[in-house]
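Peer 1: Sharing a model prediction with you, sequence too.
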Amino acid sequence: MGNFHAHGILDGYQPHNLPMANITIYSTPTCGYCKMAKEYLASKNIPYTEVDVSTDRAKQEAMIAKSGQYGVPVIDVDGKIIIGFDKRKLDEYAQITN
């Protein structure tokens, strides 16, 4: 058998260069769990788009259509919907490892 060269298997592999998830947080200014979700993502340096559904009826209707929920936060991670601030699901869907 030939020699097995373990070093070449992952040469150039850089997990921090993986594309970031596309994250949208549907929220309102007075929502405590929305604030927690945004602070958590910010602490991980993960970008997200915030949509204030208290001022945009069309975005509110889009959120309801996606989630079936009237309450916030609703977090969309690459099309996967999280109802509320569920850190475990957010970590999983956004591939947060630290």
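Peer 2: That came through fine.
Peer 1: Please count neighbours and contacts with C-alpha atoms only from this point.
Peer 2: Noted.
Peer 1: show me where the protein has strands.
Peer 2: With DSSP state E applied, the chain shows strands at 23-27, 49-52, 74-77, 80-83, listed in chain order.
Peer 1: So, low pLDDT: which residues of the chain?
Peer 2: Low-confidence segments of the chain, defined by pLDDT under 70, are located at 1-19.
Peer 1: follow-up on the earlier one: same list (the strands of the chain) but as JSON lines, adding mean neighbour count.
Peer 2: As requested, the strands of the chain are arranged in JSON lines below (neighbours: other Cα atoms under 10 Å):
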{"stretch": "strand 23-27", "mean neighbour count": "23"}
{"stretch": "strand 49-52", "mean neighbour count": "16"}
{"stretch": "strand 74-77", "mean neighbour count": "24"}
{"stretch": "strand 80-83", "mean neighbour count": "16"}
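Peer 1: What ranges does this protein have for its helices?
Peer 2: Under the criterion DSSP state H, the chain contains helices at 32-43, 57-67, 87-94.
Peer 1: Which of those helices sits closest to residue 49?
Peer 2: Taking Cα to Cα as the criterion, residue 49 comes closest to helix 32-43 out of these, the separation being 9.6 Å.
Peer 1: Buried residues, the closest one. List them.
Peer 2: By neighbour count with 16 or more other Cα atoms under 10 Å, helix 32-43 contains the buried residues 33, 34, 35, 37, 38, 41.
Peer 1: ok, now stretch 54-71?
Peer 2: Of all the residues in stretch 54-71, those buried under the rule 16+ other Cα under 10 Å are 60, 63, 64, 67, 71.
Peer 1: which residues touch residue 49?
Peer 2: When the contact criterion is Cα atoms under 8 Å, 6 or more residues apart in numbering, the partners of residue 49 are 23, 24, 25.
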